[in-house]
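Novice: Have a look at this prediction, sequence included:
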Amino acid sequence: MYAVIKTGGKQYRVTEGDELQVEKLGVTEGEVNLVPVLLVDGDTVVSAPDALAGATVTANVIGASKGPKITGFTYKNKTNSRKHWGHRQHYATIQITGIKKG
């Protein structure tokens, strides 16, 4: 059985036992319910919003990490105007423990 979930503005296809990195959830450790569930496939595919009202995917948060450093630079010529910035995205590593149909 697999499900399609939405978290952090992205969609993931998951099955029980999968480990994946998602954007920061706000929880450092413990169990978390991932909603909304967009699709569940067991014996039949369920994708209607009213049928998925009670569907949940539970996951265990394993840890947290950071992505690679992304840098940006902008300048205006002949004026000594420069701006340099950087960003590192925070990620949570989760393991899918259960998929429940609605």
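Specialist: Perfect, I can see it now. Residues are numbered from 1 along each chain as shown.
Novice: Going by C-alpha atoms from here, please, whenever you check contacts or count neighbours.
Specialist: Fine.
Novice: Could you measure from the residue lying farthest from the centre of the chain over to Ala59?
Specialist: Most distant from the centre of the chain: Lys78, at 43.7 Å, with distances by Cα atoms, centre = their mean. Separation of Lys78 from Ala59 (Cα to Cα, to the nearest Å) stands at 54 Å.
Novice: Repeat that for Gly9.
Specialist: With Cα to Cα as the criterion, Gly9 and Ala59 are 18 Å apart.
Novice: So for the two, which sits in the more crowded spot?
Specialist: Higher neighbour count among Gly9 and Ala59: Ala59, with 22 against 7, using other Cα atoms under 10 Å.
Novice: From Thr71, how far off is the more buried one?
Specialist: The gap separating Ala59 from Thr71 is 32 Å, by Cα to Cα.
Novice: Now name the helix or strand holding the most centrally placed residue in the chain.
Specialist: With distances taken as Cα atoms, centre = their mean, the residue of the chain nearest its centroid is Val22 (3.3 Å). If you go by DSSP states H and E, Val22 is part of strand 19-23.
Novice: From the contact counts, what lies against that strand?
Specialist: Secondary-structure packing of strand 19-23 (3 or more Cα pairs under 8 Å, 6 or more residues apart in numbering; DSSP states H and E): strand 90-100.
Novice: who does the strand it packs on pair up with?
Specialist: Partners of strand 90-100 in the sheet, by DSSP bridges, are strand 19-23 (antiparallel), strand 56-66 (antiparallel).
Novice: Quick one: neighbours of Val61, just the number.
Specialist: Using other Cα under 10 Å, Val61 has 20 other residues around it.
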